[in-house]
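> Let me see the structure of the following:
(one chain, ligands or ions: 2)
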Amino acid sequence: MKGRFITFEGGEGVGKSTQIRRLAASLNALGVQTVLTREPGGSPHAEELREVLLSGGAKHFGPFAETILFYAARDDHLNTTIRPALAKGSWVLCDRFMDSTRAYQGVLGEVEPALIRSIERVVVGSTVPDLTLILDMPARDGLARVRSRGTAIDRFEGESLIFHEKLREAFLAIAEFEPRRCAVIDASASQDEVASAILGVVRKRLDLDATRVPA
Ligand SMILES: Nc1ncnc2c1ncn2[C@@H]1O[C@H](COP(=O)(O)OP(=O)(O)O)[C@@H](O)[C@H]1O
Ligand SMILES: Cc1cn([C@H]2C[C@H](O)[C@@H](COP(=O)(O)OP(=O)(O)O)O2)c(=O)[nH]c1=O
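Ligands and ions are numbered 1, 2, ... in the order given. Okay, here's the model as predicted:
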């Protein structure tokens, strides 16, 4: 049986990495086999491109070239990691995916949406996420979390507050445009509250109780 594909999206510091691990743990406890992955990266070659993209090494080529690089990484990630896992029946949980390109390179980078959609059709094809969780909170608060995390600030985290506010709007617009695929989660609540909201949406949208294999 084909697995399910769930993506986590949203601005910086909204708790995607924290919540993806929590959802994986909850699903595993229910007997669902999960594969946890991330973008850019998720396969050995794509991880090499991650280095280039997040260090800012590709910034001078501009948002169009960055789009191509994110998609080159995504193509490999899909073929090497995501599609084989789905074919085995695993549930794939991915930290960022195609909506990040739409938001960061499309809305913020002003790469033509029609162009991004064309590449999406070729590379993603029918492997569109079954569910996309858009973690939402004020940009300022998300950035404060990133700073208090104490890790190095990358290429995109270093952009202005206005950039991050526009990013938030871009993700909300995607959710509004595709309400059947996307669910907006209030990420400003406590970690436990966010985890429980996410599990609630997964249960409802993906009919978890009907599809899971007992442990
Ligand atoms: N609901 C929450 N409330 C307060 N702090 C949180 C919450 N969720 C995550 N954090 C903390 O905020 C920081 C960013 O979280 P992280 O999961 O790395 O976000 P992202 O992957 O979206 O950048 C981490 O230090 C994490 O422990
Ligand atoms: C997948 C993807 C990520 N990005 C950016 C968003 C993030 O700033 C960065 C991923 O870095 P990451 O450290 O994973 O950030 P976060 O913890 O916020 O998810 O790459 C794009 O610009 N386009 C894309 O298609």
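> Centre-most residue in the protein?
Arg96 (1.7 Å; CA atoms, centre = their mean).
> Got the phi and psi for the residue nearest to that residue when sequence neighbours are not counted?
Leaving out its chain neighbours, the residue that sits closest to Arg96 by CB to CB, 6 or more residues apart in numbering is Glu39, at 4.5 Å. Every C-beta, even on glycine, is put in place using the N, C-alpha and C of the backbone. Main-chain torsions, Glu39, degrees, to the nearest 10: phi -130, psi 150.
> ditto for Leu93
Torsion angles, degrees, to the nearest 10, at Leu93: phi -110, psi 120.
> give the contact list for Ala175.
Contacts for Ala175 (CB atoms under 8 Å, 6 or more residues apart in numbering) come out as Thr132, Ile134, Cys182, Ala183, Val184.
> Surely Glu39 and Asp99 touch.
No: using CB atoms under 8 Å, Glu39 is not in contact with Asp99, being 10.4 Å away.
> In terms of secondary structure, what does the host helix or strand of Ser148 contact?
Using DSSP states H and E, Ser148 sits in helix 139-149. Contact analysis of helix 139-149 by 3 or more CB pairs under 8 Å, 6 or more residues apart in numbering; DSSP states H and E lists helix 161-177 as its packing neighbours.
> quick revisit: distance of the residue nearest to the centre of the chain relative to Asp192?
Separation of Arg96 from Asp192 (CB to CB, to the nearest Å) stands at 23 Å.
> Ok, Gly125 next?
Gly125 sits 37 Å away from Asp192, taking CB to CB as the criterion.
> one step back: which residues touch the residue nearest to the centre of the chain?
Going by CB under 8 Å, 6+ apart, Arg96 touches Thr7, Phe8, Glu9, Lys16, Arg38, Glu39, Pro40.
> So which of those reach ligand 1?
Among those, proximity to ligand 1 is found for Lys16 (CB under 6 Å from any ligand atom).
> Keep only those of the contacts of Arg96 that are in helices.
The members of these that map onto helices under DSSP state H are Lys16.
> just the contacts of Arg96 now: which is nearest ligand 1?
Ligand 1 has its nearest neighbour among these in Lys16, at 3.5 Å by CB to the nearest ligand atom.
> which ones are touching the spatially closest residue to the closest one that is not a sequence neighbour?
Counting by CB to CB, 6+ apart, Lys16 lies nearest to Phe8, which is 4.3 Å off, once chain neighbours are set aside. The contact partners of Phe8, by CB under 8 Å, 6+ apart, come to Lys16, Gln19, Ile20, Leu93, Cys94, Asp95, Arg96, Thr132, Leu133, Leu135.
> Pro63 now?
Gln105, Leu108, Gly109, Glu110, Val111.
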